[in-house]
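Enquirer: this is a predicted model, with the sequence first.
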2 protein chains.
Amino acid sequence: MSDFTKLSIEELNKNKNELIKRYNEFKSQKLELDMTRGKPCPEQLDLSMDLLQFADKDNYKTQNGVDCRNYGGVDGIPEAKNLFSQYLEVEPDEIIVGGNASLTFMHDTFMRAMIHGVDEDSVPWSKQPKLKFLCPSPGYDRHFSICEFMGIEMITIEMDENGPDMDIVENLVSEDESIKGIWCVPKYSNPSGITYSDEVIDRLSSMKTKASDFRIFCDNAYSAHHLTDTPDKLKNILEACKKAGNPDRVYIFGSTAKITFAGGGVSMMAGSKKNIDRAKKQLIIQSIGPDKINQLRHVCFFKDMDGVTNLMKKHAMILKPKFDAVQTILERELAGKNIVQWSNPKGGYFVSINTLDNCAKDIVKMASDAGVKLTPAGATYPYKNDPRDRNIRVAPSFPGLNDINKAMELFAICIQIVSINKLLK
Amino acid sequence: MSDFTKLSIEELNKNKNELIKRYNEFKSQKLELDMTRGKPCPEQLDLSMDLLQFADKDNYKTQNGVDCRNYGGVDGIPEAKNLFSQYLEVEPDEIIVGGNASLTFMHDTFMRAMIHGVDEDSVPWSKQPKLKFLCPSPGYDRHFSICEFMGIEMITIEMDENGPDMDIVENLVSEDESIKGIWCVPKYSNPSGITYSDEVIDRLSSMKTKASDFRIFCDNAYSAHHLTDTPDKLKNILEACKKAGNPDRVYIFGSTAKITFAGGGVSMMAGSKKNIDRAKKQLIIQSIGPDKINQLRHVCFFKDMDGVTNLMKKHAMILKPKFDAVQTILERELAGKNIVQWSNPKGGYFVSINTLDNCAKDIVKMASDAGVKLTPAGATYPYKNDPRDRNIRVAPSFPGLNDINKAMELFAICIQIVSINKLLK
């Protein structure tokens, strides 16, 4: 393959003409493909249909005799707390198991910090003159939406293969009291796919923060979502925080959204016993208890952590060929051309692509014009503003293999055309 | 029966001695009875076990083809919106169907008002110098807990058989800009059982409020929860608000908590299209969507409003004998003694008792000492402070008939002993 940055204008134009011919062929097919959202595909959802069998007239009580159909139990049923505390690697008294969305736990934790502060001794965030949050990017748009909704200024932090740039993070938090926390997706990060290194976890846990009410919002969304047999290993951040003398610094979130049903799973929030006890006291104002029947279903379905692990292997069998297809086509079309870098994640739901600067928006638009919807350029950055306009998130989980092949080929064509236009300027 | 207030000291003491003998007999039985919470009983929950059959490999999509297992649809599935908009007597675009708890909708609506105000033009409540809320009382303790949690000062409003004392309400809201709203349980009110009169609904809807961001939080928890064949009829408050030119004044909440499963039902929030559109925009920050599978279950189980109505008749068949037992014993033990008044509700979950002033706490303690747990005196008032210490809420739904008979007899004995002590002072 030839390095586009070293081609002559004539050679670039020749390439471009061929690519435009291919682009127009795609356009004439009137495709309608969607690569935007990290949704499980129907075949993945089918894996958990047995879940729906559980809970019936012979099975609606917890082991300790609580009727799951009735009110109560704000922190979840004991067997769910037991199972999912293993999943998140915390103790059963360090977890709350809730409804169907971990996003709700995150959002509500912000809301409560706004109204009441993060502990008894701290000032409500809404009463503080200025609020800022660190946002390692590219990252998850819905995290950034929460900050935006709360009126919290977001500071973009660059990511590398080990996690957020910790030199910058440490500098900022040590000096600025208005920085109240940091968003993290520490394993198979959305969208870059990287897993935070042990050093990054240690530095996050032990760094000095000017704000005494600084919090790490650790969205462990892809804890068990491996694509290979040699999964990444994430250092336990709650233990690291305890060891560093900052036990209350981290909130951890997770869910079965991408294990059982994206819309009908169970969610969890974990942290120090102090944080969880406080969260429970606040939660009881909002809810008499979660849907315990659905928690019972999940516990019966999984039985134990092996049940989770085995199910995740079946997910991987469905997802791996799709991720492989993305790699194959990007490799075939783009390798050696020196216009793009892409991730090859060992887990999670995304492939992250960095183009030449100031190309991402044009590429996404061009693909859209030919019937392939991609996540809007910029969506992976705070305020939907990618300062270099280069990151594009590809979500291969939902479409079928044929669609992925078509979509990725078209995508690769668009990348090349826009890149050539850029190089020709 | 003799009027205790007209008995001589000797006669009162004679009565008291007999009552104490009966009390001690009860105490020796070492009862453990709980009349505290408005929970459905297991037989009621059994009525909805067929609900759990729905949703399986042949039934997981909405009529318009949406996969209920996956993400999306923040305002609920169309068929659920259709059914429950009939239930709350609003239009399908005036409702959101959510998770298992209407309390969550109420709490979160407060939270959002704190952070963002109630509409685009209003100041966030948390940025206003002082916040007050009108609390018709006796009322629902969890409503008051929400106000307390938000730091909103509660003003107790007395209730009569038509609803809150509207002369007082109108006076207060017309003069005090810091009064941001009023709590209402307009049908079979918790705990008094009364249903607001048409006039009260009209006055609430049309009254002039000094605060432009005044809101009625209308918890229609017992909309279909009749105990008789001649149910109360509640005037449509959203229509009344529209007619009065205040379409955005009211938020309406409801749930199937006491129709299907208290812990595993679905909840709803209704209001003007403007309010609901705003709520949806804010909700999407908190959740990608509710548990649509459980909504589908509910729709399949009910089929239509007749399904709801018929199920509620079965609930009434279980509940009516329990409410009758309460009436029979209170009548037998207390009628004509001029020491207590009690409600005889046509629906809802409670019987409300007013004793002589400054007796309620002592009665509840005395009953508790003999093994009968009653809702703590004061719980039905803001700050758990019943200024006359006279209201006691009895919840007959959960215990069996034998337990109710025993508990109510003991309760009636305690009422008489404490009342006599009071009269003897």
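Expert: That came through, no problem.
Enquirer: in its sheet, what does the helix or strand of chain A with the lowest mean pLDDT sit against?
Expert: Lowest mean confidence among the helices and strands of chain A (mean pLDDT, DSSP states H and E): strand A:33-35, at a mean of 92. The strands beside strand A:33-35 in its sheet (DSSP bridges) come out as strand A:372-374 (parallel).
Enquirer: domain map for chain A?
Expert: A:4-44+A:309-424, A:61-303 (automatic domain parsing).
Enquirer: just give me the neighbour total for A:Asp119.
Expert: Per other C-beta atoms under 10 Å in any protein chain shown, the neighbour tally for A:Asp119 reads 14. Every residue, glycine included, has its C-beta placed from N, CA and C.
Enquirer: that one belongs to a strand?
Expert: No: if the criterion is DSSP: H, G, I helix; E, B strand; the rest coil, then A:Asp119 is coil and not within a strand.
Enquirer: I'd like the mean pLDDT over stretch A:317-325, please.
Expert: Stretch A:317-325 carries an average pLDDT of 98.
Enquirer: just the C-alphas of it, formatted as PDB.
Expert: Below are the C-alpha coordinates for stretch A:317-325, written out as PDB (Å, rounded to 0.1, in the frame of the first residue of the first chain):
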ATOM      1  CA  MET A 317     -18.700 -15.700  19.700                       C
ATOM      2  CA  ILE A 318     -21.400 -13.500  18.100                       C
ATOM      3  CA  LEU A 319     -19.400 -10.200  18.400                       C
ATOM      4  CA  LYS A 320     -15.900 -11.400  17.500                       C
ATOM      5  CA  PRO A 321     -16.600 -12.000  13.800                       C
ATOM      6  CA  LYS A 322     -18.100  -8.600  13.600                       C
ATOM      7  CA  PHE A 323     -15.100  -6.900  15.200                       C
ATOM      8  CA  ASP A 324     -12.900  -9.000  13.000                       C
ATOM      9  CA  ALA A 325     -14.700  -7.900   9.900                       C
END
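Enquirer: mind listing what's buried in it?
Expert: For stretch A:317-325, the neighbour count (16 or more other C-beta atoms under 10 Å in any protein chain shown) marks A:Leu319, A:Lys322, A:Phe323, A:Ala325 as buried.
Enquirer: does that stretch come close to chain B?
Expert: No: against chain B, stretch A:317-325 shows no contacts by C-beta under 8 Å from any C-beta of the partner chain, the least distance being 14.4 Å.
Enquirer: need the residues of the stretch 51-200 of chain A near chain B, please.
Expert: Near chain B, when you scan the stretch 51-200 of chain A using C-beta under 8 Å from any C-beta, you find A:52-53, A:55-57, A:67-73, A:99-101, A:103-104, A:107-108, A:111, A:114-116, A:126, A:142, A:145-146, A:149-151.
Enquirer: quick one: which of those sit in helices?
Expert: Residues of these located in helices (DSSP state H): A:103-104, A:107-108, A:111, A:114-116, A:142, A:145-146, A:149-150.
Enquirer: and those, which two are the farthest apart?
Expert: A:His116 and A:Arg142 (23.1 Å; C-beta to C-beta).
Enquirer: picking that back up, so what's the gap between the least confident helix or strand of chain A and the chain middle?
Expert: 19 Å (C-alpha atoms, centre = their mean, to the nearest Å).
Enquirer: with stretch A:293-300 instead?
Expert: 24 Å.
Enquirer: now A:Val97: phi and psi?
Expert: Main-chain torsions, A:Val97, degrees, to the nearest 10: phi -110, psi 130.
Enquirer: who touches it in this structure?
Expert: For A:Val97, the contact set (C-beta atoms under 8 Å, 6 or more residues apart in numbering or on different chains) comprises A:Asp75, A:Gly76, A:Ile77, A:Ala80, A:Lys81, A:Phe84, A:Val266, A:Ser267, A:Met268, A:Pro290, A:Gln295.
Enquirer: look up the closest residue to the second one, ignoring the ones flanking it.
Expert: Going back to what we said before, that points to A:Gly76. A:Val97 (3.0 Å; C-beta to C-beta, 6 or more residues apart in numbering or on different chains).
Enquirer: quick check: bridge partners of that neighbour?
Expert: A:Met268.
Enquirer: run through the strands of the stretch 201-350 of chain A in chain order.
Expert: Counting by DSSP state E, counting those that start in this stretch, the stretch 201-350 of chain A has these strands, from start to end: A:215-219, A:250-255, A:267-270, A:340-342.
Enquirer: got those as CSV, with mean neighbour count columns?
Expert: Listed next are these as CSV, based on neighbours: other C-beta atoms under 10 Å in any protein chain shown:
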stretch, mean neighbour count
strand A:215-219, 24
strand A:250-255, 26
strand A:267-270, 26
strand A:340-342, 18
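Enquirer: now those in JSON lines, with distance to A:Tyr188?
Expert: Converted to JSON lines, the strands of the stretch 201-350 of chain A look like this (distance: least, C-beta to C-beta, whole Å):
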{"stretch": "strand A:215-219", "distance to A:Tyr188": "11"}
{"stretch": "strand A:250-255", "distance to A:Tyr188": "13"}
{"stretch": "strand A:267-270", "distance to A:Tyr188": "18"}
{"stretch": "strand A:340-342", "distance to A:Tyr188": "15"}
